[in-house]
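**Student:** need the 3D shape of this:
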Amino acid sequence: MIVPLRGVREEATTDVRSRDFRTPELRVAVPPSEEHPAHQAVMDLVAEFIRQGARGKVVMTPPLIGRALAKFHLPFPRRQRRRTEPVIVPMMGARFSQLYAAALVGDVVPYCWDVWEPAWELWARRLRPLRPPAVFVTALQSARFLAEALPQSRVMHLSEATQISRHDPGTCLEARKIGILELGRRHADWHRAITGAVRQHSPLPHLYEAVPGRLVFPDGHALRRGLSDTVISVCFPSSLTHPQRSGGVVTMTQRYLESIASGCLVLGHAPSELVDLMGFNPVVEVDWSNPAEQLLDILASPSSWQPLVDRSLNRLREVGDWSVRVRTALEGLQEIGLV
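**Tutor:** Have a look, this model is predicted:
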């Protein structure tokens, strides 16, 4: 059960008649720069919070101090802080040292990606001592767990988002030059079922990591350019490709949204979160009775799938941009009096 905390209360002077009621300042922690592609989502989130009125705060606490605080679950006493205004802390995975370091400068509001089922109890143990007034979680199942585990926090599910203007919707499917694109982790059974047939019968290339860790595209610019020239972008949730990591958490990833924003036809499996967000299923579900034939049929007549691609892109512009997601987050913070 979710029990919202009281919001930050207005400060007062010693003279009750001259109380200065102020809106608390919202800050967002700016994490260290990283080269991993997933870090782009974090920086897009930070930039959007700042665009919508938050102030960026670089947390300069030495890493050893943050790790020690997190390891021993030691929150900094609130009464000893100079300030208590909320600080949004983006967390791409269980990076609790960053969270505990940010707790030295304010009441932390974690924004959490990759809260996988095997680590649920760890997340609860590390978050509980900080008593965050609010917690944002991208995976619905994980948000439900944390809502029960953290009764003194307002836990809110916020679906993944992307910066749509960063992506190029490219040209129509018929004119694209990359047939199939499998980025990052693969569904091994599907990959084995289609690879030989595609190599033999499709004139368009099939791109994937031939060697694990060897990226298909060297950088973000090349990735976006490649997506905008791809007919089929293959997307499966991590629960199907890496169940040992994800457990039973079925959630969408950035790749679904990046693919839709780039005008690709998405093939694989749609998490229910994506269907709920869009209002329909934008993913062509795999026909496991004959995945190779299904794939070749699509590649033989990509134009017949253009209406689904166009509909998905138009809907994503309405519901999938970071501007929409941050606005929803701010509304949630307003409801509990934090901003």
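
**Student:** name the element the closest residue to Trp322 other than its chain neighbours belongs to?
**Tutor:** Among residues not flanking Trp322 along the chain, Glu48 sits closest, at 4.2 Å (CB to CB, 6 or more residues apart in numbering). Just so you know, the C-beta spots here come from the backbone N, C-alpha and C atoms, and that holds for glycine as well. Glu48 is part of helix 39-51, with elements assigned from DSSP states H and E.

**Student:** contacts for that helix, please.
**Tutor:** 26, 28-31, 33, 56, 88, 90, 92, 111, 113, 160-163, 166, 220, 254, 322-323, 325-326, 329 (CB atoms under 8 Å, 6 or more residues apart in numbering).

**Student:** among the residues you listed, which are located in helices?
**Tutor:** Cross-referencing the contacts of helix 39-51 against helices under DSSP state H gives Gly220, Gln254, Trp322, Ser323, Arg325, Val326, Ala329.

**Student:** and the furthest pair within those residues?
**Tutor:** Gly220 and Ala329 (24.4 Å; CB to CB).

**Student:** just want to know which of the two has more residues nearby.
**Tutor:** Under the neighbour definition other CB atoms under 10 Å, Gly220 and Ala329 were set side by side, and Ala329 has more, 24 against 13.

**Student:** sorry, back to before: just the buried subset of the contacts of helix 39-51, please.
**Tutor:** Buried by 16 or more other CB atoms under 10 Å: 26, 28-31, 88, 90, 92, 111, 113, 160-163, 254, 322, 325-326, 329, out of these.

**Student:** what's the domain layout of the protein?
**Tutor:** 16-161+321-335, 164-319 (automatic domain parsing).

**Student:** would you turn those into a markdown table with mean pLDDT?
**Tutor:** Output for the domains of the chain, formatted as a markdown table (pLDDT from 0 to 100):
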| stretch | mean pLDDT |
| --- | --- |
| domain 16-161+321-335 | 84 |
| domain 164-319 | 95 |
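
**Student:** I'd like the next helix or strand past the host helix or strand of Ile260.
**Tutor:** In this structure, Ile260 sits in helix 254-261 according to DSSP H and E. Using DSSP H and E, the helix or strand that follows helix 254-261 towards the C-terminus is strand 265-268.

**Student:** contact partners of that next one?
**Tutor:** With CB under 8 Å, 6+ apart as the test, strand 265-268 has contacts from 173, 187, 190, 231-236, 256, 259-260, 282-286, 295, 298, 302, 305, 308-309, 312.

**Student:** can we see that at 6 Å?
**Tutor:** Ile232, Ser233, Val234, Cys235, Phe236, Ser259, Val283, Val284, Trp305, Val309 (CB atoms under 6 Å, 6 or more residues apart in numbering).

**Student:** check contacts around the residue nearest the centre of the chain.
**Tutor:** Nearest to the geometric centre of the chain sits Glu160, at 4.0 Å (CA atoms, centre = their mean). For Glu160, the contact set (CB under 6 Å, 6+ apart) comprises Thr138, Met252.

**Student:** one more: Asn281?
**Tutor:** Ala270, Val275.

**Student:** try 10 Å this time
**Tutor:** Val266, His269, Ala270, Ser272, Leu274, Val275, Leu308, Ser312 (CB atoms under 10 Å, 6 or more residues apart in numbering).
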